[in-house]
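A.B. asks: need a 3D model of the sequence below.
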Amino acid sequence: MIDQEKMSTVEEKVKLEPQLYLLDGSSYIYRAYYGYRDLATSDGMATNAVFGFTKMLLDLIQKNSPDYLTVVLDRPREETFRRELYTEYKANREAMPEDLVSQIPYINKILSALNIPTLEAPGFEADDVIATLAHRYAAEGIQVTVVTGDKDLMQIIDERIGLLDTMKNKRSGHQEVLDRFGIPPELVPDVLGLAGDTSDNIPGVPGIGEKTASELVRRFGSLEGVLEWKHLVSGKKRKENLHNYADQARLSKKLATVRYDVEIEVALDKLQRQAPDLSKLMPLLRELEFEALEIAFTPPAPGVVELYSDGSGRDSGPGGYGVVLRYAEHEKELRGFERASTSQRMELLAAIKGLEALHNPSNVHVFSDSQYLVQGMSKWIHGWIRNGRLEEPDALANQDLWKQLVALSQKHEVTWQWVRGHAGHPFNERCDKLAKLAAEDGLRAVEVTNQPEEMIPDVDACPGPDIPAKQEPIPVREDSEFDAEEDGQLRLC
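C.D. replies: Sure thing, here's the model as predicted:
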């Protein structure tokens, strides 16, 4: 089996502190609903929000591997203390679309099957629950990441609490708050008290936007400082508004300020990430007709290492490769960069790097969207070996890599399967993203360092299972035409 002790050592180097992710559920649901449109089952049931939410959640877990994870949900806005303070709070928001309402029960079922707990608190919003838990567990030495696109939660950032906007792939800490507002996180509510927040229908002070509010708070230290020294503020109308709307500004600040005193008791171990309950999840995914997600959650066959690989490159240009290795419930990603390479070479190199990562003889199923690789290792290689072309100098394009693949294949029991690229296959898409990211990062590193060496090293390799299991070879799928000579020496991608 995969050496879990080695994997743990690698992870400890990356993550020195336990990681808690608090996900703003309502924000994620709406982003999924509007980000994935026109998706429904064969009988017409809308599923776009369920699919988008599940896929985004899966991507979050794969990229970040949190130790603890929970989804925090909003109560109906009519039931929160802010509505009691200000009846127009969030009154500008339309009711939830009917085709989203019908999907909420399925989102809850997905979360239950994934063993991800949900939290909410009567009288409070998700932001208050998030703020309370973030500060509670940060004080206990946990590194907290709040997954949200809401700028209001910038006020809770500190050394152990950061924000992650997955839509923009952006993390925010203390410096990002300074870059945006020019003030520390704890003064964000003061800025919002002056500027208001149209998304929440918080009024603020007329005529004062976020930029002006930030400048005023930075200059006078707080909202109360601005109100006290308003006679020093430039602009007659602005002075009048600060005088006439002082109480409205104080109310707006109170509405924008999150609470840290929500009475919600949840032990940290209850938030520990667990494996999905496949007996519940798989029937649900089939009911929703989520074939790609069903593939993503299906574990490899017992004793089998699944190796997904992809390369990204142009003729004689920069190239990257991406690999996903799966064994039982374990996964590992690899990626790397070459300064000058063809697309074909990167496809072959991806498979090589994946096989090199297996320390022990293994039963390996290699999946790739490159028919050049799959046909080469399934068919043409036998003729090349028989005719001596594998050893004859310059008899084959990419001869050095084919020789490496043959040598590595002899260490394992390998079958090769083609998957259609860019067609929604979850692991092919992951490998494609890893390859492109490796190429982009490598190019940036080359520009900065101007060094000729490979810029991105592989992550630590995964050893394979101790005893390879026997299994029938998986045939190469022939569901698309492959226009090539018998020996495959056309320069195909």
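A.B. asks: all contacts plus neighbour counts: C-alpha atoms, from now on.
C.D. replies: Fine.
A.B. asks: and the strands in this protein?
C.D. replies: 19-24, 68-72, 118-119, 143-147, 161-165, 170-172, 304-313, 317-327, 330-341, 363-368, 413-418 (DSSP state E).
A.B. asks: partners of the shortest one, with directions?
C.D. replies: Same thing as strand 118-119. strand 68-72 (parallel) (DSSP bridges).
A.B. asks: strand 143-147 and the strand it pairs with, what's the angle between them?
C.D. replies: Calculated by axes from the mean of the first three to the mean of the last three C-alpha atoms, to 10 degrees, strand 68-72 forms an angle of 40 degrees with strand 143-147.
A.B. asks: show me the contact partners of strand 68-72.
C.D. replies: Outside strand 68-72, the residues that touch it by C-alpha atoms under 8 Å, 6 or more residues apart in numbering are 18-26, 116-120, 126, 129-130, 268-269, 271-273.
A.B. asks: repeat that for 10 Å
C.D. replies: 18-28, 57, 61, 111, 115-121, 125-130, 142, 144-145, 147, 268-274 (C-alpha atoms under 10 Å, 6 or more residues apart in numbering).
A.B. asks: coming back round to it: L281: which of the strands of the chain is closest?
C.D. replies: For the strands of the chain, proximity to L281 was assessed by C-alpha to C-alpha; strand 118-119 is nearest, at 16.7 Å.
A.B. asks: pLDDT on that closest one, on average?
C.D. replies: Throughout strand 118-119, pLDDT has a mean value of 96.
A.B. asks: circling back to that earlier point, buried among the contacts of strand 68-72? Make that a ChimeraX selection.
C.D. replies: The ChimeraX selection below is limited to those of the contacts of strand 68-72 classed as buried (16 or more other C-alpha atoms under 10 Å):
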select :19,20,21,22,23,24,25,26,27,28,57,111,115,116,117,118,119,120,121,125,126,127,128,129,130,142,144,145,147,271,272,273
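A.B. asks: if we can go back for a sec, output the strands of the chain in a markdown table; the columns should cover distance to E294.
C.D. replies: Shown next, in a markdown table, are the strands of the chain (distance: least, C-alpha to C-alpha, whole Å):
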| stretch | distance to E294 |
| --- | --- |
| strand 19-24 | 23 |
| strand 68-72 | 22 |
| strand 118-119 | 23 |
| strand 143-147 | 25 |
| strand 161-165 | 26 |
| strand 170-172 | 29 |
| strand 304-313 | 16 |
| strand 317-327 | 15 |
| strand 330-341 | 17 |
| strand 363-368 | 17 |
| strand 413-418 | 18 |
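A.B. asks: please identify the most buried of those.
C.D. replies: Ranked by mean neighbour count, these are led by strand 304-313 with a mean of 28 (mean count of other C-alpha atoms under 10 Å).
A.B. asks: ok, that one: who's next to it in the sheet?
C.D. replies: strand 317-327 (antiparallel), strand 363-368 (parallel).
A.B. asks: what angle sits between the shortest one and strand 413-418?
C.D. replies: It stands for strand 363-368. Using the same axes, to 10 degrees, strand 363-368 lies at 20 degrees relative to strand 413-418.
A.B. asks: try the first one
C.D. replies: Between strand 317-327 and strand 413-418, the angle formed by their directions is 120 degrees, by the same axes, to 10 degrees.
A.B. asks: the chain should start at 39 in everything you say after this.
C.D. replies: Will do, 39 is the new start, and the previous item becomes strand 355-365.
A.B. asks: and strand 355-365, average pLDDT?
C.D. replies: Averaging pLDDT along strand 355-365 gives 90.
A.B. asks: send me it as CSV with only the CA atoms.
C.D. replies: Extracted in CSV, the C-alpha atoms of strand 355-365 (Å, rounded to 0.1, in the frame of the first residue of the first chain):
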residue,chain,number,x,y,z
GLY,A,355,8.1,26.0,-26.8
PRO,A,356,7.6,25.8,-23.0
GLY,A,357,5.8,22.8,-21.7
GLY,A,358,4.3,21.5,-18.5
TYR,A,359,3.0,18.2,-17.3
GLY,A,360,0.4,17.2,-14.7
VAL,A,361,-0.2,13.8,-13.0
VAL,A,362,-2.8,12.6,-10.5
LEU,A,363,-2.0,9.3,-8.8
ARG,A,364,-4.8,7.4,-6.9
TYR,A,365,-4.5,4.4,-4.7
